[in-house]
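[1] Okay, predicted coordinates and the sequence, questions at the end:
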Amino acid sequence: MTWNYWISLFTQTHCASRGLRSGTIAAYDKTLQQFREYVRLQHADPLPQQVSARMVLEYVTYLRQQRKNGDSAVNRHVTILKNFYRAMVAMGHLEPAQNPLAHFPVMKAARRKLPTVLSVDEVTKLLDTPRTDTILGLRDRALLTLIYGTGIRASEGSGLREEDVDLSERTVRVNGKGGHQRVIPLNDQVVQVLSKYRAARGILTPQAPFFRSRTKRALSRGAIFERVRKYAGQARIPKRVSPHSLRHTFATHMVRADVNLVVLRDLLGHR
């Protein structure tokens, strides 16, 4: 009972008060539940206040050796556990001296890899791949064109509503990380492709999802990743392509076009 209470307190009170997105909070909850299940099976189900640094180190070994997690995934698990116990101390459920991760060793930093960037020819092939004789094909072409043409994240594309896309003003309004909104201008090609999709799909209520699935629901972040991977394969692009690849490609092509870096930062929603 204590585990469920503490995890709920961390995710629904601490994380929610910080304004974290629901997807992030769900990921934190899943990570903590996974650790809780590990100590339940391996250490006779200790209470969260009975967890030791040794148990966490054993868990790190388990993640590396059994689950084949890399440095980035392992660091993410440890960071979430550290934040969890810091929050319990801050909320008075744990004394500072009882925090098992107060002096936990620094983990090996994940290697930073250069992002995948597509050439202009590869972008052209990708955007031309979806069919234009079906609504779903027009939707997917509009989706790919918007991500490349604005650099928005997959989660931001998933959260777009009909009222967020103003083709007369040639802008799109997105809700970024931390609930920060920004308005991004649209170029001629993006406006043209979005107009064709909206005309074929029909005008919806202001709060309706802009990119809809067959069941009329908003395309999920995972579905957007799947769409990008599918069309990159069909276009025979010999790279690992994701929505974030298109975001990096947008940024790279803007830099090559001598766009001011402060302007680019604002377009991408970076701080």
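    On my side now, so go ahead.

[2] Past the helix or strand bottoming out on mean pLDDT in the chain, which element shows up next along the chain?
    Across the helices and strands of the chain, mean confidence by mean pLDDT, DSSP states H and E is lowest for helix 16-17: a mean of 84. Note on helix 16-17: by DSSP states H and E, the next helix or strand toward the C-terminus is helix 22-42.

[3] so what secondary structure elements neighbour that next one?
    helix 2-8, helix 53-65, helix 71-90 (3 or more Cβ pairs under 8 Å, 6 or more residues apart in numbering; DSSP states H and E). (Glycine included, C-beta is placed from N, CA and C.)

[4] so where's the chain shaky on pLDDT?
    Where the chain drops to pLDDT under 70, the residues are 1, 110.

[5] Now do the same contact list for Val123.
    Tyr148, Leu246, Thr249 (Cβ atoms under 8 Å, 6 or more residues apart in numbering).

[6] Repeat that for Gly151.
    By Cβ under 8 Å, 6+ apart, the contact set of Gly151 is Ile184, Leu246, Arg247, Phe250, Ala251, Met254, Leu267, Leu268.

[7] Tell me which of the helices and strands packed on helix 22-42 sits nearest to Arg236.
    Closest of the helices and strands packed on helix 22-42 to Arg236 is helix 71-90, at 29.0 Å (criterion: Cβ to Cβ).

[8] Val172 falls within a helix, correct?
    No: Val172 is assigned strand when assessed by DSSP: H, G, I helix; E, B strand; the rest coil, not a helix.

[9] Mind checking which of the contacts of Gly151 land in strands?
    The strands, defined by DSSP state E, take in Ile184 from these.

[10] Report the distance from the least confident helix or strand of the chain to the chain centre.
    Chain-centre distance of helix 16-17: 18 Å, with Cα atoms, centre = their mean, to the nearest Å.

[11] Which residues does it contact?
    Ile25.

[12] let's see 10 Å
    Phe10, Ser22, Ile25 (Cβ atoms under 10 Å, 6 or more residues apart in numbering).

[13] ditto for stretch 166-180
    18-21, 24, 146, 149-150, 152-153, 155-157, 159-161, 163-165, 181-188, 190-192, 194-195, 198, 210, 268-271.

[14] returning to what we had before: by neighbours, which of the contacts of Gly151 wins?
    Using other Cβ atoms under 10 Å as the neighbour test, the contacts of Gly151 are led by Leu246, with 29 neighbours.

[15] Verify the contact between that one and Leu118 for me.
    Yes: under the criterion of Cβ atoms under 10 Å, Leu246 makes contact with Leu118 at 7.4 Å.

[16] Quickly list what's touching both of those two.
    Leu126, Tyr148, Ala232.

[17] I'd like the residues you listed as TSV, with neighbour count and distance to Gln33 appended.
    Below are these laid out as TSV (neighbours: other Cβ atoms under 10 Å; distance: Cβ to Cβ, whole Å):
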residue	neighbour count	distance to Gln33
Leu126	24	37
Tyr148	23	36
Ala232	24	33
